[in-house]
Each structure stands twice: as C-alpha cells, then as structure tokens.
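Colleague: Quick one: sequence plus predicted model below, questions after.
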Amino acid sequence: MLTTEEYLQAEFDYSLAQARRGFRIHAVVYALVNTGLITLNALLWAFADVNFPWAIFPLVCWGIGLAFHYYYGYRHPDITIRNRQEKVEAFAQRPRVTA
C-alpha cells in the first residue's frame, strides 16, 4: 500500500509525464500543419496570383500557444500540478452530504 506522500509523488510524476507527452504531440502537429500551410502558400505564390504571405499568421499565433504549452510542460509544470493537487485535496476534505 502506498503512503500519502508516495501517492502524491507518483501522481505528480504521472501528471508531469502526461504534460510533456501532450507538448510533444502538440509540437509534431504544429510542425506538420504549418509545413503544409507554408507549402500551400508557396505554391499559390508561384502558380496563382497570390502575393501575400498569409501562412505567417497561423505560424506565429499557434506558435504563441505552443510556447505556453512548453512553458507549463517543461519550465514550470510544478505550478499547474501542485495547484491541481491542492484543489483535489480541498475537494476531498469538504463535508459530504448524504441523501
């Protein structure tokens, strides 16, 4: 049987692994989609009458979201995970109403 501290550490490690996995998936999807958009923009620029680099907008805006995902998944994951653990503990300590 696990102690409370062992459980909290295991749950923290699991949440950290999930956050980092989520970032890696997000980064791969970002790279694939934006590569396609840049390619499409280049093809339209070459073969159509499109003279505006519109692909930069999703690249930058989505990149901001990806940067936040990196920040909370790799730089400061303890902030999010500890806050969540505190909320769960507070929820568990609330008085229970039986019907």
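Modeller: Done, it's in.
Colleague: what comes up buried for stretch 4-19?
Modeller: 8, 12, 15-16, 19 (16 or more other C-beta atoms under 10 Å). For glycine as for every other residue, the C-beta is placed from the backbone atoms N, C-alpha and C.
Colleague: In strands only, show me these.
Modeller: Using DSSP state E, no member of the buried residues of stretch 4-19 sits in strands.
Colleague: need the contact list for Leu43.
Modeller: For Leu43, the contact set (C-beta atoms under 8 Å, 6 or more residues apart in numbering) is empty.
Colleague: Would you quantify the distance from the nearest residue to Leu37 once chain neighbours are set aside to Gln9?
Modeller: Of all residues not flanking Leu37 in the chain, Ala55 sits nearest, at 4.5 Å (C-beta to C-beta, 6 or more residues apart in numbering). Going from Ala55 to Gln9 by C-beta to C-beta, to the nearest Å gives 44 Å.
Colleague: Likewise for Phe57?
Modeller: Relative to Gln9, Phe57 is positioned 43 Å away (criterion: C-beta to C-beta).
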